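Engineer: Here is my input; please provide its structure:
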Amino acid sequence: MNCLFINDLNAGVGRLRGTTQYTVNNHVVNATLMNIVDNPTNLQLPGMYNEEENPRVPIIVTGNNFSTLYAPLIRDGRMKKFYWAPSREDRIGVCKGENPTLNNDLKPHKVVVKLVDTFPGQYINIFGALRARVYDDEGRK
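Structural biologist: Presented below is the predicted three-dimensional model:
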């Protein structure tokens, strides 16, 4: 049993307005994924033409904004989409998980809750980005 897992697909091949360059690598990734979803049992390497069918392999992708991906790849019917809208408690748990130095003492918990409540509409990965920014700023000092 196996699967193909791609984390943050939109970060690698997504396009943000007209500012993101569309490279050969983006094109190759999109073309490969399109080939897999269109012909899941007939995948071929260049120069190899095997007539034997391959077993289907599920592809699991995560991302923050799939609207930045190649539109035909994400259209309805081509993939099953499961949206996760984290609750406030989920966001607090993620923030604590991305900041392992925080323990369960009352004061750090209040700090995490304030942080989560300050950025309610942001993507969940903002908490890791804020942590990295603090380390960067401290390193510059």
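
Engineer: OK, contacts around F119?
Structural biologist: F119 makes contact with I126, according to CB atoms under 8 Å, 6 or more residues apart in numbering. Just so you know, the C-beta spots here come from the backbone N, C-alpha and C atoms, and that holds for glycine as well.

Engineer: going forward, begin numbering at 43 instead of 1
Structural biologist: Got it, first residue is 43 now, which makes that one F161.

Engineer: Okay, now the unreliable bits of the chain?
Structural biologist: 58-63, 140-149 (pLDDT under 70).

Engineer: all strands for it, in order.
Structural biologist: Taking DSSP state E to define them, one finds strands in the chain at 46-48, 101-103.

Engineer: now for the first one, which elements pack on it?
Structural biologist: Spelled out, that is strand 46-48. Packing partners of strand 46-48 (3 or more CB pairs under 8 Å, 6 or more residues apart in numbering; DSSP states H and E): strand 101-103.

Engineer: quick one, helices of the chain?
Structural biologist: Listed in chain order, the helices of the chain (DSSP state H) span 51-55, 66-80, 113-116, 130-140, 148-160, 168-182.

Engineer: just the strands of the chain: most buried one?
Structural biologist: Mean neighbour count (mean count of other CB atoms under 10 Å) peaks for strand 101-103 among the strands of the chain, with a mean of 15.

Engineer: quick one: that one to chain centroid distance?
Structural biologist: With CA atoms, centre = their mean, to the nearest Å as the basis, strand 101-103 stands 10 Å off its chain's centre.

Engineer: Go ahead and name everything in contact with that strand.
Structural biologist: For strand 101-103, the surrounding residues in contact (CB under 8 Å, 6+ apart) are C45, L46, F47, I48, N49, L51, L75, I78, V79.

Engineer: quick one on the thing from earlier: I'd like the helices of the chain written out as a markdown table, with mean neighbour count and distance to V99 added.
Structural biologist: Listed next are the helices of the chain as a markdown table, based on neighbours: other CB atoms under 10 Å; distance: least, CB to CB, whole Å:
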| stretch | mean neighbour count | distance to V99 |
| --- | --- | --- |
| helix 51-55 | 18 | 16 |
| helix 66-80 | 13 | 8 |
| helix 113-116 | 14 | 17 |
| helix 130-140 | 16 | 29 |
| helix 148-160 | 13 | 37 |
| helix 168-182 | 12 | 29 |
